[in-house]
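> model this:
(one chain, ligands or ions: 1)
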Amino acid sequence: MPEKETSIVADGLSKSFGGHKAVRNLSFRIEKGEIVGFLGPNGAGKSTTLRILTGILPADSGYLSVCGKSVPYHPDEVKNFIGYMPENNPLPEHMRVIEYLRFRAQIKGIPLLRRKAAIERALEVCELHRKARRKIIGNLSKGFRQRVGIADAILASPAITILDEPTIGLDPHQVIAIRRLLANLRGETTVLFSSHILSEVEITCDRVLILNQGRLVAQGTSDELRKQFLPGSRYRLEVSGGRQEIMDALRKLGDLWEIQIHPQSQEDSFSVNLVNPKNGQNGEGILRQLIQSDRLAVRQFQAVQPSLEDIFLTATQRSWELTGDENKETGAPFPTDS
Ligand SMILES: Nc1ncnc2c1ncn2[C@@H]1O[C@H](COP(=O)(O)OP(=O)(O)OP(=O)(O)O)[C@@H](O)[C@H]1O
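Below is the predicted model of the structure:
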């Protein structure tokens, strides 16, 4: 794709604070119109990277262009391409929402004739256009404050909108409101946002970038990352019968199948996770194997797809192993319940 269709090109970006390497040799592209999720454990370097992309913080080394313009050489132009909401976005408590957005529109240099329409559009996209527009910011809930921050970020119709943790501290209803808002932005602006709510990112984003210890450890669509990090077949079964009989029947499927068996509430009922990293038999073959024994009854049978959370845990765990970090958490060989 030609450069002008690419919103962001980062190649080998690095940034240190004192002796601490916060961002290490980061390379990625974000195409025009994409909605991309930026994930990573606490301290992974997400905010630092987002600040570098906006031109607020200079990288120590590497190449970075935004909408085809080199960020170090055209910092002011680049700032006009980007709408940015920082993490823990500070807002003036005493101002009304509408006053604040008028003030911000002026600061951003939106021409007077277009200012009213720009503010109305931002209020509408962020669902602030009814009563909320007249409210004092200091009296707003966290969810509404985040929406004010996003309204500010999109006010000047930027080519790229960068949101650092737009869902932090929100209740599930407020998270859904932000999801709707991001959906409203599709087609109008390229969006890059960081979040710890992985289920939301999976629903909302075309693609994700996963950062760990300043390194990019994975990038792609959920499907691509699933194939890369957790390939194969996964099934979840509820089977009644003797534990040994269940194991005997499932072992006949072949050595590649990993069998995890957990007792259920009743003594003779078992919950079984089956994982085959190489795909193996389809569900029909497994069912056929189990029903050959008249002492087993299959109560439930379900093909399971790893979630983005499983992918995230596996990708970060793998990068800890590769770098020999002691501070490892447990990975997720089988999809987590959510
Ligand atoms: N201005 C700074 N001075 C010194 N160290 C910094 C500075 N900004 C960030 N760091 C360090 O760089 C690392 C990456 O921080 P960053 O805020 O980018 O991570 P993050 O992935 O956004 O984390 P979180 O999810 O907790 O917000 C951390 O170890 C942090 O302490």
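
> interface residues of the protein facing the ligand?
Contact residues, the chain versus the ligand (CB under 6 Å from any ligand atom): 17, 20, 22, 40, 42, 43, 44, 45, 46, 47, 48, 87. Where C-beta positions appear, they are placed from N, C-alpha and C, glycine not excepted.

> Same list, the residues you listed, but as CSV with neighbour count and pLDDT please.
Shown next, in CSV, are these (neighbours: other CB atoms under 10 Å; pLDDT from 0 to 100):
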residue, neighbour count, pLDDT
17, 10, 95
20, 9, 93
22, 21, 96
40, 24, 93
42, 6, 91
43, 13, 92
44, 24, 93
45, 24, 95
46, 26, 96
47, 19, 96
48, 21, 97
87, 14, 92
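
> Quick check: the farthest pair among those?
Spanning the widest gap among the residues of the chain next to the ligand are 20 and 87, at 18.4 Å by CB to CB.

> Residue 133: what's it in contact with?
96, 97, 98, 123 (CB atoms under 8 Å, 6 or more residues apart in numbering).

> Please report how far it lies from residue 25.
For residue 133, the distance to residue 25 (CB to CB, to the nearest Å) stands at 45 Å.

> cool, and residue 180?
36 Å.

> Tell me how many other residues crowd residue 35.
21 (other CB atoms under 10 Å).

> Please, where are all the strands along the stretch 201-338 of the chain?
Ranges of strands in the stretch 201-338 of the chain, per DSSP state E, counting those that start in this stretch, are 207-212, 215-220, 233-240, 258-263, 269-276, 297-303.

> how far does the fifth one sit from the chain's center?
Just to be clear, that refers to strand 269-276. 29 Å (CA atoms, centre = their mean, to the nearest Å).

> correct me, but residue 64 touches residue 9?
Yes. Counting by CB atoms under 8 Å, residue 64 does reach residue 9; the two are 7.2 Å apart.

> and these two? which has more neighbours close in?
Each of residue 64 and residue 9 has its neighbours counted (other CB under 10 Å); residue 64 has more, 21 against 18.

> Can you pull the phi/psi pair for residue 113?
phi -70, psi -30 (degrees, to the nearest 10).

> Roughly how far does it sit from the ligand?
Computed as CB to the nearest ligand atom, to the nearest Å, the residue 113 to the ligand distance reads 39 Å.

> ok, now residue 158?
Distance from residue 158 to the ligand, by CB to the nearest ligand atom: 21 Å.

> How many neighbouring residues does that residue have?
Neighbours around residue 158, by other CB under 10 Å: 20.

> same check, this time on residue 282
With other CB under 10 Å as criterion, residue 282 counts 11.

> so residue 149 is in which element?
In this assignment (DSSP states H and E), residue 149 forms part of helix 142-154.

> what helices or strands is that helix leaning on?
strand 82-85, helix 97-107, helix 112-125, strand 160-164, helix 172-185 (3 or more CB pairs under 8 Å, 6 or more residues apart in numbering; DSSP states H and E).

> Bridged to the residue nearest to residue 301 when sequence neighbours are not counted, which residues?
Spatial nearest neighbour of residue 301, excluding adjacent residues (CB to CB, 6 or more residues apart in numbering): residue 237 at 5.3 Å. For residue 237, the beta-bridge partners are residue 272, residue 301 (DSSP bridges).

> what ranges of the stretch 201-338 of the chain fall below the confidence cut-off?
264-267, 279-281, 324-338 (pLDDT under 70).

> can you give me the helices for it?
222-229, 243-251, 283-291, 308-323 (DSSP state H, counting those that start in this stretch).

> quick one: furthest residue from the center of this protein?
residue 294 (45.9 Å; CA atoms, centre = their mean).

> residues touching it, list them.
Residue 294 neighbours (CB under 8 Å, 6+ apart): none.

> if we can go back for a sec, would you reformat the strands of the stretch 201-338 of the chain as a markdown table and include mean neighbour count and distance to residue 107?
Shown next, in a markdown table, are these (neighbours: other CB atoms under 10 Å; distance: least, CB to CB, whole Å):
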| stretch | mean neighbour count | distance to residue 107 |
| --- | --- | --- |
| strand 207-212 | 24 | 30 |
| strand 215-220 | 20 | 33 |
| strand 233-240 | 19 | 51 |
| strand 258-263 | 12 | 57 |
| strand 269-276 | 19 | 54 |
| strand 297-303 | 13 | 53 |
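
> Using JSON lines, lay out the ones you listed together with distance to residue 168.
Formatted as JSON lines, the strands of the stretch 201-338 of the chain follow (distance: least, CB to CB, whole Å):
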{"stretch": "strand 207-212", "distance to residue 168": "17"}
{"stretch": "strand 215-220", "distance to residue 168": "22"}
{"stretch": "strand 233-240", "distance to residue 168": "31"}
{"stretch": "strand 258-263", "distance to residue 168": "34"}
{"stretch": "strand 269-276", "distance to residue 168": "32"}
{"stretch": "strand 297-303", "distance to residue 168": "33"}
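
> Residue 207 is in contact with residue 39, isn't it?
No. Assessed by CB under 8 Å, residue 207 is found out of contact with residue 39, at 11.0 Å.
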